[in-house]
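Asks: requesting a structural model of the entry that follows:
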Amino acid sequence: MYLKKILLAVVLIGLLIMGGFSYYVYNAVFVPNTAFNNAKAHIYIPTGAKFSDVMDELRPLLKDPISFEAVANRKEYSNNIKFGHFIIKKGMNNNDIINSIRTGNVPILIKFNNQERLENLAGSIANQLEGDSLFFLKAFRNEEYLNKKGFNQDNALAMYIPNSYEVYWNISAKGFQDRMYKEYEKFWNDNRTQKAKSLNLSREEVISLAAIVQKETAKVDERAKVAGVYVNRIKRGMMLQADPTVIYAKKKAENDFNQEIKRVLYKDLELDSPYNTYKNTGVPPGPIAMPDISSIDAVLNYENHRYYYFVADVTNFGYHKFAKTLSQHNRNKQEYIRWISRQRINR
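Replies: Now for the predicted structure:
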């Protein structure tokens, strides 16, 4: 009888221990363990991160970091860390969180536009993805890659069509380039390619001309008209004589792209540079900036008119006055010069 009582007590104690352990396991694995109020939280785990780095990222988001760490070790996550961008949702338990950061690398939406040089593009991309600007810039300038894709150092910026794209946060520089080239080829569909051919311009030349158009006017509804002026000049073998190319040439020659130039001086027009369209016919060897898609399409769908000149309209700011003859243009130009002199804009 006494032995039975002992056995019963042992069984009861065992059941209590098992129950307590089961309760602990259940709480550790299946009870919600998030400490944030938003619907979800974004986790960025850099390439080469250790488990301690992951914990530093997660700790502020967890109610009980200790139980999470215990479950992570039990599931051997600490020996099999995945890198990238992950999302955990409010109310997730430790098991769900581990599954999410082990298998759910989620793409992010990046965007870029109006970059003046590859350096600016690399900086913009680095602010949105894992790699730093030098990491991307080195790839963007890779001579072998550019030659293989039909680009060079001057027109390499033309490969990047400004838009929004979904990519993995920890994508490699080459992976990013490959994706952008794929988007470039997609953008240049048969319709756009045929229109470029009808202009007797390559894709890259269209983009270079579009960059000038965009620099000339911020008004999207005026870009096709401005593009028509330059197309008319090209057809007649005239120089483009675009002030934005002179500004770019000056910045490039002085290696100072931070300077602000509001007025082009006559001496600037003598600058010896392949980008100076007052000294060279045709479009520059590469884009002077990254044009919007609207500017590219404005060139491809240029307005068919007989204008060869334009100057800023001081009575309708942001727009321009167009002229068919040089004498008419000079009258418009004098009005602009008088206005800009009154503003005391010397440079």
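
Asks: for the rest of this, base every contact and every neighbour count on C-alpha atoms.
Replies: Noted.

Asks: how far does stretch 164-172 sit from its chain's centre?
Replies: 10 Å (Cα atoms, centre = their mean, to the nearest Å).

Asks: run a quick neighbour tally on residue 185.
Replies: 11 (other Cα atoms under 10 Å).

Asks: what helix or strand is it located in?
Replies: With secondary structure defined by DSSP states H and E, residue 185 is part of helix 173-187.

Asks: that helix - what's its average pLDDT?
Replies: For helix 173-187, the mean per-residue pLDDT is 97.

Asks: now swap in stretch 67-77 and tell me
Replies: Stretch 67-77 carries an average pLDDT of 95.

Asks: buried stuff in it?
Replies: For stretch 67-77, the neighbour count (16 or more other Cα atoms under 10 Å) marks 67-69, 71-72, 77 as buried.

Asks: look up phi and psi at the residue most central in space within the chain.
Replies: Residue closest to the average C-alpha location in the chain (Cα atoms, centre = their mean): residue 112, at 2.8 Å. Torsion angles at residue 112 (phi, psi; degrees, to the nearest 10) stand at phi -160, psi 150.

Asks: that one contacts residue 124, correct?
Replies: Yes - counting by Cα atoms under 8 Å, residue 112 touches residue 124, with 6.9 Å between them.

Asks: for residue 197, what is the enclosing helix or strand?
Replies: Per DSSP H and E: residue 197 is located in helix 190-198.

Asks: by contact count, what packs against that helix?
Replies: Secondary-structure packing of helix 190-198 (3 or more Cα pairs under 8 Å, 6 or more residues apart in numbering; DSSP states H and E): helix 203-216, helix 293-300.

Asks: so which of the ones you listed gets nearest residue 95?
Replies: Evaluated over those, closeness to residue 95 peaks at helix 293-300, with 45.4 Å, by Cα to Cα.

Asks: the closest one vs helix 203-216, what angle?
Replies: 110 degrees (axes from the mean of the first three to the mean of the last three Cα atoms, to 10 degrees).

Asks: tell me which residues of helix 293-300 are tucked away?
Replies: Within helix 293-300, the residues that qualify as buried by neighbour count (16+ other Cα under 10 Å) are 295-300.

Asks: reformat the residues you listed as TSV; add distance to residue 225 and pLDDT.
Replies: Shown next, in TSV, are the buried residues of helix 293-300 (distance: Cα to Cα, whole Å; pLDDT from 0 to 100):
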residue	distance to residue 225	pLDDT
295	11	98
296	13	98
297	12	98
298	8	98
299	9	98
300	12	98
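
Asks: the spatially closest residue to residue 163 that is not a sequence neighbour bridge partners, please.
Replies: Distances taken as Cα to Cα, 6 or more residues apart in numbering put residue 111 closest to residue 163, at 5.6 Å, once the chain neighbours are dropped. Residue 111 has the following beta-bridge partners by DSSP bridges: residue 164.

Asks: give me the number of residues near residue 111?
Replies: Neighbour count for residue 111, taken as other Cα under 10 Å: 12.

Asks: next secondary structure element downstream of the helix or strand of the chain with the lowest mean pLDDT?
Replies: Taking mean pLDDT, DSSP states H and E as the measure, the chain has helix 2-30 as its least confident helix or strand, at a mean of 48. The first helix or strand that comes after helix 2-30 along the chain, using DSSP H and E, is strand 40-45.

Asks: now the following helix or strand past that following strand - C-alpha only, CSV.
Replies: The helix or strand immediately downstream of strand 40-45 is helix 51-58, counting by DSSP H and E. Provided in CSV are the C-alpha atoms of helix 51-58 (Å, rounded to 0.1, in the frame of the first residue of the first chain):
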residue,chain,number,x,y,z
PHE,A,51,23.1,35.4,-34.9
SER,A,52,24.1,38.1,-32.5
ASP,A,53,23.5,40.6,-35.2
VAL,A,54,20.1,39.2,-35.9
MET,A,55,19.2,39.4,-32.2
ASP,A,56,20.3,43.0,-32.1
GLU,A,57,17.9,43.7,-35.0
LEU,A,58,15.0,41.7,-33.4
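
Asks: what's in contact with helix 51-58?
Replies: 43-45, 65, 69, 78-79, 81 (Cα atoms under 8 Å, 6 or more residues apart in numbering).
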